[in-house]
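In: Could you work out the structure for the sequence below:
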Amino acid sequence: MAEAVTGVLTMTNEIHIHMAKLRAKFIRHRAYRELSEQFDVQLGRRRAALQLGLAFEVEAIALTGAPGSGKTTAVDYTISKHKDLILASHEQDVCEVIQFKMPSPVTLKTVGGALSVALGYDLRRDKSAALIWQHVRRILKERKTLFVHLDELQDIYVSKADRTRSEVVNTLKSVMNNKDWPVGLILSGTPDLLHMVNADRQLQRRVRVIQLSSVSFATHGRDVFELLGKYAQESALSVASALEEDDFLKRLIHSAVNEFGQIIDMILCGIEECLLATDTVLEVSHFAEAFRKKAACLPAFNPFLAQDFLRIDVTRVRDVGEDQ
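Out: Residues are numbered from 1 along each chain as shown. Prediction:
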């Protein structure tokens, strides 16, 4: 009996290791290629100017998309493929790229403080936002930072008063316009981020915008199926014929809120259900069960089971009593 339990645990562990490897894979897409190309160009220009000792006007890259579209993953992969970049994790005096997500609560003061800490300096909390950012600009020069990635940047701009919004824009421009050491910015966030870009003509002129558009069956249906088939093949699974039908692909895309990153996650959750059940054929039922575990919903509100699945708001977790 003990040997049988050990065998099950070993097999389950192997499945989790396999799934971890699948989740670590990065799927290249149009927005990523544009981001990678733009980052390569800006990095190359900056390094050439430094080599020649020339002044250089840096720019910003803004990557926008809905939650779950894969923005952060795309930026991470873009940076990681440059093996020659010196990052904060390398623990050297030079830090060419620094990345961090907006803190909570999010204000110019807390963002400046968090950025300072990420660069290896902890500031006194009683300093004003202006002094903190003055210190940040000095640290960026000391550590020879070329780019700062600010993730979920819309959080510091939306729902703020006009005066605060102006201060945010001016602070970002001060980092880019610093004559002693200008720093390029990588800005990622929801489409609300575009309100900030459009609010200032000077900023808009120096921002290259890349948008992660939503996925639809009409534009990406076959691509989604090919992706599913590839993951299934790597998992040694056959794909049921029902998964090739338009109806299933529409349900899959809808279950993931039409977002690329969430579609990948849903595909992987379905495959994981299949493997853990020791099945060899990937079926609709595996995706239905994966969604049920995610949303704790009754069949009537499961997009893989409900007849009128498009009416289901998959972004909402429903109270079970509400479904009765």
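
In: Determine the three-state secondary structure at L63.
Out: Three-state assignment for L63 (DSSP: H, G, I helix; E, B strand; the rest coil): strand.

In: if I pick it, what's in contact with it?
Out: A31, L35, K71, A74, V75, I186, L187, S188, I210, Q211, L212 (Cβ atoms under 8 Å, 6 or more residues apart in numbering). Any C-beta I mention is one placed from the backbone N, CA and C, and that applies to glycine too.

In: Need the residues that contact the helix or strand hosting Y77.
Out: If you go by DSSP states H and E, Y77 is part of helix 71-80. For helix 71-80, contacts defined as Cβ under 8 Å, 6+ apart pick out 26, 29, 31-32, 35-36, 39, 63-65, 85, 87, 97, 99, 101, 149, 151, 186, 188-189, 212, 261.

In: mind listing which of these are in strands?
Out: Among these, the residues falling in strands (DSSP state E) are L63, T64, V97, Q99, K101, H149, D151, I186, S188, G189.

In: May I have the beta-bridge partners of the last one?
Out: Read it as G189. Beta bridges link G189 to T64, judged by DSSP bridges.

In: That one - how many residues pack around it?
Out: Neighbour count for G189, taken as other Cβ atoms under 10 Å: 25.

In: coming back round to it: how about the ones in strands among the contacts of helix 71-80 in a markdown table, adding distance to A129?
Out: As requested, the ones in strands among the contacts of helix 71-80 are exported to a markdown table (distance: Cβ to Cβ, whole Å):
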| residue | distance to A129 |
| --- | --- |
| L63 | 26 |
| T64 | 25 |
| V97 | 24 |
| Q99 | 21 |
| K101 | 19 |
| H149 | 20 |
| D151 | 20 |
| I186 | 22 |
| S188 | 22 |
| G189 | 20 |
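
In: closest to A256 among those?
Out: T64 (18.4 Å; Cβ to Cβ).

In: contacting residues for the closest one?
Out: The neighbours of T64, taking Cβ under 8 Å, 6+ apart as the test, are K71, S188, G189, T190, P191, L193, L194, V209, I210, Q211, L212.

In: how far away is the closest residue to the fifth one other than its chain neighbours from G270?
Out: In this structure, P191 finds its nearest non-sequential neighbour in T64, 5.0 Å apart by Cβ to Cβ, 6 or more residues apart in numbering. If you measure T64 against G270 using Cβ to Cβ, to the nearest Å, the figure is 28 Å.
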